[in-house]
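Trainee: With the input below, show me the fold.
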Amino acid sequence: MLALPASIVDGVLVARADVPPRAAVVAGLAAGALGALAAVPVALALAAGAAALTPLWPRLRWPLVIRFALGAALAAWPAWHILDPPRRLMRDAYVLLVVAIAAVAGTAALLAAARPRALAAATAALLAIAAAAFDVWLATTMYFELHAIAHGVMAAAAIAAVSAWPPRLARMRGGRLAAAVVTIVVASAGTVAVADALDPGWRSASLRHGRHATRLVRALRALVDRDRDGYSPIAWGADCDDGDPARHPLAVDPPGGGDANCNGVDPPADPGPEAFGLARAAGAPAAKPGDIDLVVLLTVDTLRADAATAELMPNLVALGATGAWFPRAVAAGSATRISLPLIHRPADDAPAAAAILERAGIHTSAIRADGGDASGLGFGDVTYVNADAFAITDAAIERIRAAGRQPHMVWAHYIDPHAPYRMHPDDPPGARTDLPPAYQSEVRHVDRAIGRLVDFLRADSRLERAAIIVTADHGEGFGEQGYFGHTRSGYHVVLAVPAVFVAPGIAPGRYGQLVTHRDLPATLLGAFGLDAEARAAERFGRSWWRLRDAPTAPLHRFVVARSARFASGRERDEPLAILVRDDGWKLVASVEERLLELHHARDAPAREIDRIAEHPAVARELWRALALALDVDRWPRAD
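Mentor: Okay, the predicted model is just below:
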């Protein structure tokens, strides 16, 4: 029951992605073998429980109401979302979902005792197959709660389908059962070993595209985790000391204290700029005090870099033509909750740029449409408005007018291109076939709102003393390599973002330097002439003001991006870290298991090829640089 769905679902999901056929076959076999291994301790525990209840079994009764109550219990997951504020727009759908899942699971409970058994078992099996098909059909990286529900339905239906087996197994002799268990363990362990020999890359493909293998591996590790720190060297775990709970892949690794997080690197007490990926500093990091009295930071949710074109965003392109356009900008993370904080603060433990500006007497305003919390970013004025781009723009214009000519920074975050998308009535049909028409409509809508803000600044004679920064928090996958959405990805379509910097003294043009969101805190501080503060904020980034004096100088040797666990917070999955080097190489690494993928920018963004087998030395070099950067950045942490 565990092995078959795991094998089929993971095999199909990996095969559907753009990976070699061998990897898909091996991933399916390995998932099935891991499912069988995980089933053994579960089966033994259930057998022990059944043996203890045997004297009471004839007295137990399971009336209809209890069966449907068990079904309703399986619906508890979607029931929680009815009360979850971020999902209030989909509340009606979740109500229907709870009712439907309770009915289906209750039906499965009825089938477990229905007669004739052959028909009931066949019906339950079809129900399990339908749930598995739904699980495969639904995008891997979206609607996590629906995947969990599908798993629950599969389990309930599978139990119903084989409910006639326990009496038969009870009549089987203990020796034969023991032999069967040993055979399953040996065969499954052998299959996993063969899988590693056939294609070592199956685990990486399964982590990115599969559903069950990673969870099964984690469950098996939990059984053999001696120091109970959540990690183990067994089953590809990266715990280098299973006798010390303070040493594991997500442990804090202080300088000079040994390799506490088992990544092969002990950070130095005083790391140089190379540890942070910074190139040699050139140019001044700040404008002259008094040159700028207005900074406008615009961030657009889920805006892909390749969507910022003259076709979809003519106003942004026209604005970018008056300043610096960065075609190699990399997001700080693949999820809003990762990237937005790092747009505003140099490091997790550092004060936000707005807080420093407020202390310097410069007023700051934030306008958000996504409902996210901006209170911890130090803004003097925070406003939450309707999730429409023009309402955001109107609020920003109001704040700028209210500030007059006093020094002021305003940040506006547009949410429109984030799913669910909607068509705007004044919009023409989508012209591009690689992007959903409604997404294109949302992007054009935001562009018109940005154009309206720029027109106001121009009409009010603000542009001569203003700095404008436009970027996105992350991109979005639309099926490239089988990937949809964002949150957990190192793919180009998610990490590549548009980036525009328009300011006095910045020569117009396309700047080929590698840049990152983590340049922005120093850039924001430098706009108001705070030279010392801007230099202090250059921990993992360089101020874009340096490009006035040195327009061709590199800012980074490499940049590092983070990829989240599932954004709902209710799924524990592998955090990823991504290193992008200035020469085009990119390493994607799962932090807990040390799975590595190597890509190069010369590959088409829609088809990134893992080149680690061809260039293992490059992968090792990049991993050492990434491991050191993560150590000095103190990310990720188990807490």
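Trainee: got the residue ranges for the strands in the stretch 251-400 of the chain?
Mentor: With DSSP state E, counting those that start in this stretch, the ranges of strands along the stretch 251-400 of the chain come out as 294-300, 324-325, 329-330, 363-368, 381-384.
Trainee: With only the CA atoms kept, save the fourth one in PDB.
Mentor: Output in PDB follows, covering the C-alpha atoms of strand 363-368 (Å, rounded to 0.1, in the frame of the first residue of the first chain):
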ATOM      1  CA  HIS A 363      10.600  59.800   6.700                       C
ATOM      2  CA  THR A 364       9.800  56.400   5.300                       C
ATOM      3  CA  SER A 365       6.500  55.000   4.000                       C
ATOM      4  CA  ALA A 366       5.400  51.500   3.100                       C
ATOM      5  CA  ILE A 367       2.300  50.500   1.000                       C
ATOM      6  CA  ARG A 368       1.600  46.800   0.700                       C
END
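Trainee: Against which helices or strands is it packed?
Mentor: Applying 3 or more Cβ pairs under 8 Å, 6 or more residues apart in numbering; DSSP states H and E, we find strand 363-368 packed against helix 353-359, strand 381-384, helix 389-403, strand 408-414. Any C-beta I mention is one placed from the backbone N, CA and C, and that applies to glycine too.
Trainee: any idea which of these is most buried?
Mentor: strand 408-414 (a mean of 26; mean count of other Cβ atoms under 10 Å).
Trainee: which residues are contacting it?
Mentor: By Cβ atoms under 8 Å, 6 or more residues apart in numbering, the residues outside strand 408-414 that reach it are 293-301, 340, 344, 354, 357, 362-370, 372, 379, 389, 392-393, 395-396, 399-400, 403, 446, 449, 453, 473, 524, 527-528.
Trainee: do that again at 6 Å, thanks
Mentor: Strand 408-414 is contacted from outside by 294-300, 357, 363-368, 389, 392, 396, 399, 446, using Cβ atoms under 6 Å, 6 or more residues apart in numbering.
Trainee: again with stretch 35-48
Mentor: For stretch 35-48, using Cβ under 6 Å, 6+ apart, the contacting residues are Leu2, Ala3, Ala6, Val181, Ile184, Val185, Ser188, Leu216, Ala219, Leu220.
Trainee: can you rerun that using 8 Å?
Mentor: Residues outside stretch 35-48 that contact it (Cβ under 8 Å, 6+ apart): 1-7, 181, 184-185, 187-189, 192, 212, 216, 219-220, 223.
Trainee: PyMOL command to pick out the buried ones of these?
Mentor: To isolate the buried members of the contacts of stretch 35-48 in PyMOL, using 16 or more other Cβ atoms under 10 Å:
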select buried, resi 1+2+3+5+6+7+184+188+192+212+216+219+220
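Trainee: Give me the phi and psi angles of Gly477.
Mentor: Gly477 adopts backbone torsions of phi -90, psi 140, taken as degrees, to the nearest 10.
Trainee: Give me the distance between the closest residue to it other than its chain neighbours and Ser563.
Mentor: Spatial nearest neighbour of Gly477, excluding adjacent residues (Cβ to Cβ, 6 or more residues apart in numbering): Tyr483 at 4.0 Å. Counting by Cβ to Cβ, to the nearest Å, the gap from Tyr483 to Ser563 is 12 Å.
Trainee: follow-up on the earlier one: can you get me a residue count around the residue nearest to Gly477?
Mentor: 23 (other Cβ atoms under 10 Å).
Trainee: surely Arg444 meets Tyr421?
Mentor: No: with contact defined as Cβ atoms under 8 Å, Arg444 does not count as touching Tyr421 (11.6 Å).
Trainee: who's more crowded, these two?
Mentor: Arg444 (23 against 17).
Trainee: so that one, which of the three states?
Mentor: Secondary structure state of Arg444, per DSSP: H, G, I helix; E, B strand; the rest coil, is helix.
Trainee: which residues touch it?
Mentor: Residues near Arg444 by Cβ under 8 Å, 6+ apart: Leu312, Met313, His424, Asp427.
Trainee: Among those residues, which one lies nearest to Pro20?
Mentor: For the contacts of Arg444, the closest approach to Pro20 (Cβ to Cβ) belongs to Leu312, at 34.2 Å.
Trainee: now the closest one, nearest residue through space, not along the chain?
Mentor: In space, Leu312 is closest to Val443, 4.9 Å off (Cβ to Cβ, 6+ apart).
Trainee: Would you check that Glu311 makes contact with Arg432?
Mentor: Yes: using Cβ under 8 Å, Glu311 makes contact with Arg432 at a distance of 7.3 Å.
Trainee: quick one: average pLDDT of whichever strand or helix holds Ala39?
Mentor: Here Ala39 sits within helix 21-53, counting by DSSP states H and E. Average pLDDT, helix 21-53: 83.
Trainee: One more: stretch 150-160?
Mentor: Here stretch 150-160 scores 69 as its mean pLDDT.
Trainee: Same check on stretch 379-389?
Mentor: 88.
Trainee: From the rest of the structure, what touches it?
Mentor: Contacts to stretch 379-389, defined as Cβ under 8 Å, 6+ apart, come from residues 354, 358, 363-371, 374-375, 391-392, 395, 399, 411, 414-416, 445-446, 448-450.
Trainee: Over to it now: how far is its first residue from its last?
Mentor: Chord length of stretch 379-389, first to last residue, is 21 Å (Cα to Cα, to the nearest Å).
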